[in-house]
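A.B. asks: With the sequence up front, the predicted model follows.
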Amino acid sequence: NAGVTQTPKFRVLKTGQSMTLLCAQDMNHEYMYWYRQDPGMGLRLIHYSVGEGTTAKGEVPDGYNVSRLKKQNFLLGLESAAPSQTSVYFCASSYAIVVAGSNEQFFGPGTRLTVL
Amino acid sequence: GESVGLHLPTLSVQEGDNSIINCAYSNSASDYFIWYKQESGKGPQFIIDIRSNMDKRQGQRVTVLLNKTVKHLSLQIAATQPGDSAVYFCAEGSNSGYALNFGKGTSLLVTP
């Protein structure tokens, strides 16, 4: 199993450009998440999905959109990139949710995005 | 809002010594806690988790202790090795029940 994969690994954008980050998991997990990681800030949740066709806002959703058209894929879109969105983006997936039991989230390798 | 925090941003230990990484949480309703290890340039990797009905849980060379009275948990690493050098995050189950609330991380440096 590849686990959680993310594409691309690196990207440089100019302010105002758009892009989509792709996350794929082959573990048949129901739940998927997008986080951003900034120096000294830990990981912050952007959006998450509790199943195919569903999405929900996390802690820092502004400026991002997501889609979960297929169970194995979770896409993160930036419609008009801003320098404040320079960060490392991590996708994660899990079998269960916190209230139901173990919520071990499996993380991808990350996408390093720079917005100039 | 309530948050998870770490006492020390960096910790330096000698190879072979035991390491203790501490974490404080403020949400008394949290009932699930998890530790992750993140090596440079990689995504976080699961180490161990614990639910609030337990005080202690052991894994391979790692132990997590939970003190609900003072809302504190710690990660103990026995016989620390150079490969243990990484940033360690604690996280708590969020109120939504779906996502994890991560602390800012502690950098562990193992010196020979």
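C.D. replies: Cool, got the structure. Numbers count the residues shown, from 1 in each chain, chains lettered A, B, ... in the order given.
A.B. asks: distance of B:Thr106 from A:Thr111?
C.D. replies: 24 Å (C-beta to C-beta, to the nearest Å). For glycine as for every other residue, the C-beta is placed from the backbone atoms N, C-alpha and C.
A.B. asks: let me fix that: A:Phe74
C.D. replies: Counting by C-beta to C-beta - A:Phe74 and A:Thr111 are separated by 13 Å.
A.B. asks: Output the helix or strand containing B:Leu11 as CSV - backbone C-alpha positions only.
C.D. replies: Per DSSP states H and E: B:Leu11 is located in strand B:10-14. Provided in CSV are the C-alpha atoms of strand B:10-14 (Å, rounded to 0.1, in the frame of the first residue of the first chain):
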residue,chain,number,x,y,z
THR,B,10,13.5,22.2,22.3
LEU,B,11,15.0,19.3,24.2
SER,B,12,18.5,18.0,23.9
VAL,B,13,19.5,14.5,25.3
GLN,B,14,22.4,12.2,25.1
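A.B. asks: Run the contact check for it versus chain A.
C.D. replies: No. Strand B:10-14 is not in contact with chain A by C-beta under 8 Å from any C-beta of the partner chain; minimum separation 12.0 Å.
A.B. asks: for that strand, packing partners?
C.D. replies: strand B:19-25, strand B:106-111 (3 or more C-beta pairs under 8 Å, 6 or more residues apart in numbering or on different chains; DSSP states H and E).
A.B. asks: can you tell which of those strands is closest to A:Ala2?
C.D. replies: strand B:106-111 (28.2 Å; C-beta to C-beta).
A.B. asks: Over to B:Gly83: give its phi and psi.
C.D. replies: Backbone torsions for B:Gly83, taken as degrees, to the nearest 10, come to phi -70, psi -10.
A.B. asks: How confident was the prediction at it?
C.D. replies: pLDDT for B:Gly83: 95.
A.B. asks: What number of residues are in the vicinity of B:Leu65?
C.D. replies: As a burial measure, B:Leu65 scores 17 neighbours (other C-beta atoms under 10 Å in any protein chain shown).
A.B. asks: so it makes contact with B:Gln58?
C.D. replies: No. In this structure, B:Leu65 is not within contact of B:Gln58 by C-beta atoms under 8 Å, at 9.9 Å.
A.B. asks: Spell out which residues of chain A are next to chain B.
C.D. replies: A:4, A:31, A:33, A:35, A:40-45, A:48, A:50, A:56, A:58, A:90, A:92, A:97-100, A:102-110.
A.B. asks: swap the cut-off to 7 Å and go again
C.D. replies: Within chain A, the positions adjacent to chain B are A:31, A:33, A:40-43, A:45, A:48, A:50, A:58, A:90, A:97-99, A:102-105, A:107-110 by C-beta under 7 Å from any C-beta of the partner chain.
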